[in-house]
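**Q** Return a 3D structure for these sequence lines:
(chains A and B)
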2 protein chains.
Amino acid sequence: MVKVAVLGYGTIGKGVVTVLQTNADSIEKKAGERIEVTKILDLREFPGDPNEDKVVHDYELIKNDSDIQVVVECMGGLEPAYTFVKTALLQGRSVATSNKELVAKHGAELIAIAREKTSNFLFEASVGGGIPIIRPLISSLSADVIEEIAGILNGTTNYMLTRMEEEGADFDEVLKEAQAKGYAELHPEADIEGWDACRKIAILTSLAYERQVDFEDIPTEGITKISAEDFLYARKLGMAIKLIGQSYEKGGKVYARVAPMLIAGEHPLAPVRDVFNAVYVHGNMVDDLMFYGRGAGSLPTASAVAADVVDAVKHLGKNVKINWNPDKLILGDSGQSERRFFVRLAGDTPEEKIQDIFGQVDYISIEEIREKAFVTGIMKEEEFEEAVKDLDVINRIRMH
Amino acid sequence: MVKVAVLGYGTIGKGVVTVLQTNADSIEKKAGERIEVTKILDLREFPGDPNEDKVVHDYELIKNDSDIQVVVECMGGLEPAYTFVKTALLQGRSVATSNKELVAKHGAELIAIAREKTSNFLFEASVGGGIPIIRPLISSLSADVIEEIAGILNGTTNYMLTRMEEEGADFDEVLKEAQAKGYAELHPEADIEGWDACRKIAILTSLAYERQVDFEDIPTEGITKISAEDFLYARKLGMAIKLIGQSYEKGGKVYARVAPMLIAGEHPLAPVRDVFNAVYVHGNMVDDLMFYGRGAGSLPTASAVAADVVDAVKHLGKNVKINWNPDKLILGDSGQSERRFFVRLAGDTPEEKIQDIFGQVDYISIEEIREKAFVTGIMKEEEFEEAVKDLDVINRIRMH
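**A** Next comes the predicted model:
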């Protein structure tokens, strides 16, 4: 019997307890041991909850309970999660977490402590919810050099973009709808401004290149400027618009960015709809891969956390090596990264002026929209910014 | 330094050597040891090949080379692959293989030997080529009870079905085209009759339910009866036609089948095109997952084999447990499995007769095709067979 403490009894924490209890028998077979949640840390009371007697309000009670071998952290945020997790690891316990902020900020340090203490720090659920992506990146793609990662990493924004595409609705309208359905929060900035996706691509990039990628270094743009008209153009182009967390290696440098991007209709990310997430990976040998599933939600995310608990139990007293060096990876200059851009200019922009700047372009015309819209050739970000600085830009979207 | 022998220097074997040599530096970092291929077994000579000096013709030379710690098997077929792999495992070596026939037939036994000898028998590449599916199924989905697996497991047939859909071409035509392009073999039965997919779904089902599933027990139907007209109906239904290896659990029984199936347009398997493979998994907690990538080809498949080699090197002297019990899993009676069927009957079939048998149905009409086509309600396989036995059936396709 292995005893587990769960920190935080909110959506994910409750899900983890449910998964471990509901599938207890099959989990026991796979882990080789019975797994039991014996303490749950939360400041609240849960009268009537089947696990109410396990709830404690003081972390010291968990810290001092020497029977506990695995700690699950589902509190979210940096503190007190960081202090509690670090304490548990320093005690020689293994930790499984769903906390992307914690992992993005302190992952390298916590991995190093686990290694030192011959325990494990596991965080499959921190990216892509229930989708297995962390473990495949570490152990299934070990023979490849990763050339690109591009992920739909945030379910809220993917739901909103899908509604905009399907209903021709505008941003504000679908945000209200998403909030009403509980898919978007009252303060939705972390999702719609891309901050959530930014932490997740920082984690994936750190693992792919085995060095610390600071999420603060990743240029991040959300979906607030995407409009119903953009989807009319996207349809005309046979493309989808997705909020993409992307990193890629070129000429020995790693570039990373979060931004809404136009994705070719044939690309495997294009049909990923609603709250689903997907991570596309291109390796120099394996070529294209994609991992698809529910990127959020209580039970899917809890499934990934619980699988980490099983892994921790299977490896009690053994450390499974994760290469994530605390040395900072200096990202390539984002102004030097190259791509095509889709641009919408005011309808009265003279075509000669456009040709002078961008060369010959094919205009994309939509009935009733009087604009000059086109796709540029491949340009550096800073070249593009320079090119459009005196133009009346209605919107511009990067092409994946 | 860990020394590796590769058995079979064909498409996959050459790929494995290429991957291990091309990415040697990054692989060394991940494995913690330099990995070197020192012997290659093949009956042929390879004059001018950069590795020609490593080629040997006699397995005894590999067996007796005590420096070799990991054996890679890429010969295909049951013998002599089985004898060589078993010998290597009994010597305490770890083995990585891409051989689906070997794994489907002898997986449970070879896993048991590796466990006994504290080595590892790894076979990620035996299903889905480069797609990580075996390892996620074993270690990432350990907290879930698997309710369904449905895979596009054969690239040749998916390429052919995609061409038929896109070009309106008929089966014989696309088979010739696929053969000319090297995507289909001169004797294409293993692909087009579904035998290859059958072995792969047998492996996945064995791992999901941790018991031996004999591929001979799985009802298997290929794509030879799929015609251009079927795709006209599929389009009308907003669906795709895919060769699916499926298994699912219902009422404590596991059912498995390989057959062409109509897949809803919104299902993640529907947009999987050309030679790509994808495995959809539904867990009771994680809900929908899909793993997508190249299911064949030298380097993608070799990437998976080489990742297994890295895993074997990381775990030298340790066995990573795989639950695949040699006790046979008795599959549920396939006649009792339930689903809807799409049926095309001769145009002169009286509607009253159809209504007597199937109840009220909505006919799907295609201009210029004079048939009675419709989708049945949910029926047992044997009920359906009984219902149509006196009817003039042009074709019938199972609905996923």
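
**Q** Going by C-alpha atoms from here, please, whenever you check contacts or count neighbours.
**A** Noted.

**Q** Which strand residues bridge residue A:293?
**A** Here residue A:293 sits in beta bridges with residue A:277, residue B:289, going by DSSP bridges.

**Q** Test my guess that it contacts residue B:292.
**A** No - taking contacts as C-alpha atoms under 8 Å, residue A:293 lies outside contact range of residue B:292: 11.4 Å.

**Q** Please, where are all the helices along the stretch 201-350 of chain A?
**A** In the stretch 201-350 of chain A, the segments counted as helices under DSSP state H, counting those that start in this stretch are A:228-237, A:298-314.

**Q** Now do the first one: which elements does it pack against?
**A** Counting contacts by 3 or more C-alpha pairs under 8 Å, 6 or more residues apart in numbering or on different chains; DSSP states H and E, helix A:228-237 is packed against helix A:155-167, strand A:239-250.

**Q** orientation of that helix relative to strand A:239-250 in degrees?
**A** 80 degrees (axes from the mean of the first three to the mean of the last three C-alpha atoms, to 10 degrees).

**Q** For helix A:228-237, list every residue counted as buried.
**A** A:228, A:229, A:230, A:231, A:232, A:233, A:234 (16 or more other C-alpha atoms under 10 Å in any protein chain shown).

**Q** so for it, what's the average pLDDT?
**A** Helix A:228-237 shows a mean pLDDT of 97.

**Q** again, but for stretch A:390-400
**A** Mean per-residue pLDDT for stretch A:390-400: 97.

**Q** Once you drop chain neighbours, what's closest to residue A:241?
**A** Excluding its sequence neighbours, the residue lying closest to residue A:241 (C-alpha to C-alpha, 6 or more residues apart in numbering or on different chains) is residue A:262, at 4.6 Å.

**Q** Bridged to that neighbour, which residues?
**A** residue A:241, residue A:399.

**Q** I figured it hits residue A:234, correct?
**A** Yes - using C-alpha under 8 Å, residue A:262 is in contact with residue A:234, at 7.2 Å.

**Q** mind giving me the domain ranges of chain A?
**A** Structural domains assigned to chain A are A:2-129+A:298-323, A:135-293, A:335-399, following automatic domain parsing.

**Q** contact partners of stretch A:260-275?
**A** For stretch A:260-275, the surrounding residues in contact (C-alpha atoms under 8 Å, 6 or more residues apart in numbering or on different chains) are A:151-152, A:154-163, A:221-223, A:234, A:238-244, A:278-280, A:290, A:294-296, A:397-400, B:268, B:271-272.

**Q** Can you tell me which residues in the stretch 201-350 of chain A are near chain B?
**A** By C-alpha under 8 Å from any C-alpha of the partner chain, the residues of the stretch 201-350 of chain A that approach chain B are A:268, A:271-272, A:285-294, A:299-304, A:306-308, A:310-311, A:323.

**Q** ok, now with 6 Å
**A** A:285-286, A:288-293, A:299-300, A:303, A:306-307 (C-alpha under 6 Å from any C-alpha of the partner chain).

**Q** Any idea how many residues pack against residue A:342?
**A** As a burial measure, residue A:342 scores 20 neighbours (other C-alpha atoms under 10 Å in any protein chain shown).
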